[in-house]
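Trainee: Kindly return the folded structure for what I paste below:
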Amino acid sequence: MSEKFSVLRCIRCGATYEASEVRYRCDCGDLLEVAHDLERLRAAFPNLRERFAARAGSTQFPYASGVWRFHEMIMPDLPAADIVSKPEGNTNLYRTDKLSQIGRAHV
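Mentor: Numbers count the residues shown, from 1 in each chain. Presented below is the predicted three-dimensional model:
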């Protein structure tokens with residue numbers, strides 16, 4: 001089996017867990033982050049910018065999501081068939097006169 005691109009890593013103690021493991025906290029009780037081997041990702045996907053740009057505005061699952069269009073930087077080891085999406089992201093911004101009066105021009 002090939003080495004994974006990502007692990008779950010504790011932000012306090014540095015303990016690591018398989019990224020495929022359903023886990024919300026470290027055994028020490030602190031939060032986990034997804035940590036990537038960025039050098040391996042760069043070598044495996046040398047054209048990420050072009051790939052992400054090509055997915056912008058896509059209607060193809062799962063890349064219609066503004067989040068999952070960046071699949072390789074979110075959870076690169078997760079097969080696309082296992083992605084669950086609403087889809088999230090790509091939310092339009094609308095100008096509102098009332099909010100712009102208090103410094104919130106776009107929501």
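
Trainee: Let me see the domain layout of this structure.
Mentor: 1-44, 46-107 (automatic domain parsing).

Trainee: Mind telling me which of those domains the model trusts least?
Mentor: Looking over the domains of the chain, mean pLDDT reaches its minimum on domain 46-107, with a mean of 84.

Trainee: ok, now which ones touch the spatially most central residue of the chain?
Mentor: In the chain, the residue lying closest to the centroid (Cα atoms, centre = their mean) is residue 74, at 2.9 Å. Counting by Cβ atoms under 8 Å, 6 or more residues apart in numbering, residue 74 touches 34, 67, 68. Every residue, glycine included, has its C-beta placed from N, CA and C.

Trainee: Try it again at 7 Å.
Mentor: Going by Cβ atoms under 7 Å, 6 or more residues apart in numbering, residue 74 touches 67, 68.

Trainee: Helices of the chain, residue ranges please.
Mentor: Assigned by DSSP state H, the chain shows helices spanning 38-44, 48-55, 71-74, 97-101.

Trainee: could you say what helices and strands the first one packs with?
Mentor: What it means is helix 38-44. Counting contacts by 3 or more Cβ pairs under 7 Å, 6 or more residues apart in numbering; DSSP states H and E, helix 38-44 packs against no other helix or strand.

Trainee: List the buried residues in that helix.
Mentor: For helix 38-44, a neighbour-count test (16 or more other Cβ atoms under 10 Å) marks residue 41 as buried.

Trainee: chain center to it: distance?
Mentor: Its chain's average C-alpha position is 16 Å from that of helix 38-44, according to Cα atoms, centre = their mean, to the nearest Å.

Trainee: contacts for it?
Mentor: 5, 72, 76.

Trainee: Now the terminal residues of stretch 90-98, how far apart.
Mentor: End-to-end distance of stretch 90-98 (Cα to Cα, to the nearest Å): 23 Å.

Trainee: same deal with stretch 14-24?
Mentor: First-to-last distance for stretch 14-24 - Cα to Cα - comes to 14 Å.

Trainee: Equivalent analysis for stretch 84-97, please.
Mentor: 36 Å.

Trainee: How about stretch 22-42?
Mentor: Across stretch 22-42, first to last residue, Cα to Cα, it's 26 Å.
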